[in-house]
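**Q** quick one, fold the following:
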Amino acid sequence: AENEALRLLMDPESFVFAVENKASGGRWYTNPPAREEDPIAKAKMRQQMSSMLLVTYLNARGNTDVSASFTASVSKGGAVSASIADGVRITYTFESEGFTIPVELVLEEEGLACRILASEIRETGENRVMKVELLPYFGAGGPEDDGYLFVPDGSGALIRFNNGKSMYTQYSEKVFGRDVNFDLNRSFTKKEDIRLPVFGIRKNDEALLGIITKGAAAAGVNASVGGKGCSYNAVRAEFELLSTDTYILGETVGSRVTLINLYQEGGCTYDTLEVRYHFLSGESAGYDGMAVRYRRYLLEEGGLRKSEAVQPSLFLETLGAVRKKKSILGIPVTVNQELTTYAEALEMLRTLEAEGVTSLSLKYNGWDASSVEGKPASKLSVLSQLGGKKDFQSLLEYCGGRGIGFYPDE
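**A** As a prediction, the model looks like this:
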């Protein structure tokens, strides 16, 4: 398939794909071209690097296992391709595992859409499909490449290629955070929730942005650095088709507990699971370019509207008083030490407005007897050290009359 910007290529024997950026000449491979020469990858890892799908499934005994599409389907003649408009549909049959998963790759005007047709997954035996990692090594960076992985951890984080941290566990988080219906597993790693369903790779002078456009609530983002099982740095989306939880049966006796695994009834609730990949080059080939491209997607297709130009608001936070130990006539006592009086806070606001600041908000901490001691305020009790009720009332009236947001600490 081909359009003005991109060309989609496929090897009909291995089902390895490449997307060529016609403007830059760069190619993004779904599987690392030099994977067979990887000096640290074992046979099983090389098979995974040759696969489009990594499938975690549940067997009849209640145990889980992972099958790679190249090993369990392609190499056994179980994969069949068919042309569709602007792309190809591949049906992966995992005969030994007893399930079939259809996937579509469609070239779009500015990117590539890769879809798992979840409603058409067939399970012919006792095994059940739990999770699917889609294009796990698409665009992976090797030991000679320079770049980083972008993961949407909190406001975003970068994992540098080949950073030597292969002893750490791989990054793996659910989009939009954990499901609060399930038991909370203990975690000793400080991580932020994923708020946006995006990820990316910067490799040398090119960048790849993945946007999870369908099934994001069932998705997660996984990332691993070179040296952890193989020499490649990779980031990908994983979709959970079958939710699980662990239930503690009865009361604990000493250190012994009885655990029961619970599994979702029925199948996946999504018809389609989709990731759309965008290929960036030149000045856009970086995390800032990824952010610009995702913002554009949100405005064009994500339902967001561009806000009207407004005057930026200044948020001013002040500290009125603190508790401080002093010695009075040799006796240690704790007193309120003023830092910003009510009159001084008012003068700050007047000065800022005189300098042209037209939109203001004031957060006032330690303004009364309760807040300065770190206690919830039960009644209004202004501090004489800060000026008393008259000065406090003047501050309130000024803020109210000038449309200044006033937020006293509770």
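
**Q** moving C-terminal of the helix or strand bottoming out on mean pLDDT in the chain, what's the next helix or strand?
**A** Of all helical and strand segments in the chain, the minimum by mean pLDDT, DSSP states H and E falls on strand 244-253, at a mean of 67. Downstream of strand 244-253, the next assigned helix or strand under DSSP states H and E is strand 256-263.

**Q** avg pLDDT for the helix or strand that comes right after that following strand?
**A** Sequence order places strand 273-281 as the next helix or strand after strand 256-263, per DSSP H and E. The average pLDDT within strand 273-281 is 96.

**Q** in the helix or strand just after strand 273-281, what's buried?
**A** For strand 273-281, the following helix or strand on the C-terminal side (DSSP H and E) is helix 287-300. Residues of helix 287-300 classed as buried: Tyr287, Gly289, Met290, Ala291, Arg293, Tyr294, Tyr297 (neighbour count, 16 or more other CB atoms under 10 Å). Using the backbone N, CA and C atoms, a C-beta is placed for each residue, glycine as well.

**Q** the stretch 101-250 of the chain: strands as residue ranges?
**A** For the stretch 101-250 of the chain, applying DSSP state E, counting those that start in this stretch gives strands covering 111-116, 122-123, 128-134, 147-151, 157-160, 171-174, 198-203, 206-214, 219-224, 234-240, 244-253.

**Q** can you redo those strands as a markdown table with distance to Arg402 and mean neighbour count?
**A** Converted to a markdown table, the strands of the stretch 101-250 of the chain look like this (distance: least, CB to CB, whole Å; neighbours: other CB atoms under 10 Å):
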| stretch | distance to Arg402 | mean neighbour count |
| --- | --- | --- |
| strand 111-116 | 49 | 23 |
| strand 122-123 | 66 | 14 |
| strand 128-134 | 55 | 22 |
| strand 147-151 | 43 | 24 |
| strand 157-160 | 41 | 16 |
| strand 171-174 | 45 | 17 |
| strand 198-203 | 41 | 26 |
| strand 206-214 | 44 | 24 |
| strand 219-224 | 46 | 22 |
| strand 234-240 | 49 | 24 |
| strand 244-253 | 54 | 10 |
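
**Q** and those: which comes nearest Phe94?
**A** Closest to Phe94 of the strands of the stretch 101-250 of the chain is strand 128-134 (CB to CB; 9.0 Å).

**Q** run the angle between the closest one and strand 234-240 for me.
**A** Here strand 128-134 runs at an angle of 150 degrees relative to strand 234-240 (axes from the mean of the first three to the mean of the last three CA atoms, to 10 degrees).

**Q** in its sheet, what does strand 128-134 sit against?
**A** Strand pairing for strand 128-134, using DSSP bridges, gives strand 53-58 (antiparallel), strand 234-240 (antiparallel).

**Q** what pLDDT, on average, does the first one get?
**A** If I follow you right, that is strand 53-58. On average, strand 53-58 scores 96.

**Q** show residues contacting that strand.
**A** Residues from elsewhere that reach strand 53-58, judged by CB atoms under 8 Å, 6 or more residues apart in numbering: 48, 64-69, 72, 92, 94, 97, 99, 101, 103, 127-134, 136, 242, 263.

**Q** one more: stretch 139-151?
**A** Identification of contacts with stretch 139-151 by CB under 8 Å, 6+ apart yields 28-29, 32, 34, 49, 156-162, 171, 173, 194, 198-204, 208-209, 221, 223, 225-226, 231-235, 287, 290.

**Q** residue ranges in the stretch 251-400 of the chain under the pLDDT threshold?
**A** Applying pLDDT under 70 to the stretch 251-400 of the chain flags the ranges 251-257, 311, 374-379.

**Q** narrow the contacts of strand 53-58 to just the buried residues.
**A** The buried subset of the contacts of strand 53-58 (16+ other CB under 10 Å) comprises 48, 67-69, 72, 92, 94, 97, 99, 101, 103, 127-134, 136, 242.

**Q** next up, the contacts around Gly320.
**A** Contacts of Gly320 were listed using CB under 8 Å, 6+ apart, and they are 338-342, 345, 364-367, 372, 383, 386.

**Q** next, count neighbours for His278.
**A** 21 (other CB atoms under 10 Å).

**Q** that one and Gly356: what is the separation?
**A** In this view, His278 and Gly356 are 41 Å apart by CB to CB, to the nearest Å.

**Q** what do you get for Pro32?
**A** Remark: distance between Pro32 and Gly356 (CB to CB) = 56 Å.

**Q** what of Leu319?
**A** Leu319 is 25 Å from Gly356, where distance means CB to CB.

**Q** equivalent analysis for Phe161, please.
**A** Look at Phe161 and Gly356: by CB to CB, they are 46 Å apart.

**Q** quick one, which of these two is more surrounded?
**A** Using other CB under 10 Å as the criterion, Phe161 and Gly356 rank with Phe161 on top: 22 against 6.

**Q** quick check, the more buried one in contact with Asn233.
**A** Yes. Counting by CB atoms under 8 Å, Phe161 touches Asn233, with 4.6 Å between them.

**Q** joint contacts of the two?
**A** Contacts common to Phe161 and Asn233, judged by CB under 8 Å, 6+ apart, are Gly141, Asp145, Gly147, Leu149, Val225, Gly226.

**Q** pick the one among those closest to Val88.
**A** If you rank those by distance to Val88 using CB to CB, Gly141 comes first, at 25.6 Å.

**Q** pLDDT score for that closest one?
**A** The model reports Gly141 with a pLDDT of 96.

**Q** residue boundaries of the helices in the protein?
**A** Along the chain, the stretches classed as helices by DSSP state H are 43-49, 69-72, 287-300, 342-354, 369-372, 388-402.

**Q** just those: most buried one?
**A** For the helices of the chain, average neighbour numbers computed from mean count of other CB atoms under 10 Å are highest in helix 69-72, which has a mean of 23.

**Q** got a list of contacts for that helix?
**A** Helix 69-72 has contacts (CB under 8 Å, 6+ apart) with 14-15, 47-48, 50-55, 78-79, 92, 94-97, 101.

**Q** Pro102 bridge partners, please.
**A** In this entry, Pro102 is beta-bridged to Thr91, by DSSP bridges.

**Q** how many residues are close by it?
**A** Pro102 has 19 neighbours, counted by other CB under 10 Å.

**Q** shouldn't it be in contact with Ile121?
**A** Yes. If you go by CB under 8 Å, Pro102 and Ile121 touch, sitting 7.5 Å apart.

**Q** can I get the strands paired with strand 128-134 in JSON lines including distance to Lys22?
**A** Formatted as JSON lines, those follow (distance: least, CB to CB, whole Å):
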{"stretch": "strand 53-58", "distance to Lys22": "28"}
{"stretch": "strand 234-240", "distance to Lys22": "25"}
